[in-house]
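In: give me coordinates for this.
(one chain, ligands or ions: 1)
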Amino acid sequence: MTDPTVTEPRYPMVRLEVAAADAEEIGVALFEHGASGVEEQDETTLERAAPGRAVLIAHFAEVADAEACAEATGGALGFIEGEDWRHAWKAFFKPTRVGERLWVRPSWEPLDAGPQDVVIVIDPGQAFGTGTHETTRLVLGLLERLGPEGARVLDVGCGSGILAIGALKLGAREARAVDVDPIAVRTTLENAADNDVTIDATTTPIDDVDGDYELVLANIRSPILIPMRAALAARLAPGGQLVLSGLLVSEEDEVRAAFDEVLAYVDRRVQGDWLALVYRARDAG
Ligand SMILES: C[S@@+](CC[C@H](N)C(=O)[O-])C[C@H]1O[C@@H](n2cnc3c(N)ncnc32)[C@H](O)[C@@H]1O
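Out: Numbers count the residues shown, from 1 in each chain. Take a look at the predicted model:
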């Protein structure tokens, strides 16, 4: 049994998003503020920064130093308890409202939700998708607006499973999910169980997925999405909609030109540098 008088150590950290070109200089300044270590994350890491940006997480031994550093740099202060300090990003993953009714809550944080709220519980493990990234939030916001009630949903590049879980909690009939990464598939299945929903998640390549879907969601970067356009379009039921995310605003023309060839453009949404597009299956004939 755990002894309640023994508290776990708390590790203070400060998180800053900066231009990638300034990361080294700002990293040095963080050490001058008393940081004992600084981690740099970029567009390839779990907490993905936009291209040209970097996320710095500075670790501190003393809370007072971390507070002073956060104040001086405009960074966010966060804490990790116990041995989870290896996963520094967890300190900054808090319950977050991601739509009118939708919330994302880390499995280790409580949330006092209202009766109308719909809460997705996530432990991303090593998979992408905490709901704190713009690309995920854009899709969740669109999901609420499009209304997945009764829909069959396909989540391509499911990561933590956050989008498929959100769709099911908003009333989708069933969800299929695929990801090239077996860890993402395992994480999706675990998160589905934690949310009391069922997702058919596998590493099946998109070309081999069968069936058709009223809603297809794909939050992956454009160099992967563009060559996938015919396969994505082929999975749409008549009148079905595709939500694309993971796109930079600067890529809009290129992505539009590619997807306009196979689908009918419906709408766009932007958060910061990130763009999501909505397409609809073209009428047959
Ligand atoms: C940005 S994450 C999105 C995770 C989650 N769907 C979200 O919205 O937060 C992109 C995911 O796509 C997966 N992925 C990359 N290339 C893929 C491909 N060709 N087919 C399926 N999944 C792919 C990655 O492994 C990763 O989990």
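
In: contacts for stretch 139-148 next, please.
Out: Outside of stretch 139-148, the residues within contact range by C-beta atoms under 8 Å, 6 or more residues apart in numbering are 98-102, 104, 131, 162-163, 166-167, 170-172, 214-215, 217, 219, 241, 243, 245, 267, 269, 276, 278. The C-beta positions use only the backbone N, C-alpha and C, and glycine is treated the same way.

In: any of the residues you listed buried? List them.
Out: Buried subset of the contacts of stretch 139-148 (neighbour count, 16 or more other C-beta atoms under 10 Å): 98-99, 102, 104, 131, 162-163, 166-167, 170, 172, 214-215, 217, 219, 241, 243, 245, 269, 276, 278.

In: now, which of those lie close to the ligand?
Out: Filtering those for proximity to the ligand by C-beta under 6 Å from any ligand atom leaves 162-163, 219.

In: among these, which one lies nearest to the ligand?
Out: Nearest to the ligand, judged by C-beta to the nearest ligand atom, of these is Asn219 at 3.5 Å.

In: hang on, the closest one packs against Gly131?
Out: No: assessed by C-beta atoms under 8 Å, Asn219 is found out of contact with Gly131, at 11.3 Å.

In: low-scoring stretches of the stretch 151-285 of the chain, by residue?
Out: Scanning the stretch 151-285 of the chain for pLDDT under 70 picks out 284-285.

In: tell me where it has strands.
Out: Taking DSSP state E, counting those that start in this stretch as the criterion, the stretch 151-285 of the chain carries its strands at 152-156, 174-178, 199-202, 213-219, 236-248, 264-271, 274-280.

In: the second one pairs with which strands, and in what direction?
Out: Here the strand partners of strand 174-178, with direction, are listed using DSSP bridges: strand 152-156 (parallel), strand 199-202 (parallel).

In: now these as a markdown table including distance to Ala91?
Out: Shown next, in a markdown table, are the strands paired with strand 174-178 (distance: least, C-beta to C-beta, whole Å):
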| stretch | distance to Ala91 |
| --- | --- |
| strand 152-156 | 27 |
| strand 199-202 | 28 |
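
In: deepest of the ones you listed, which one?
Out: Most buried of the strands paired with strand 174-178, by mean neighbour count (mean count of other C-beta atoms under 10 Å): strand 152-156, with a mean of 26.
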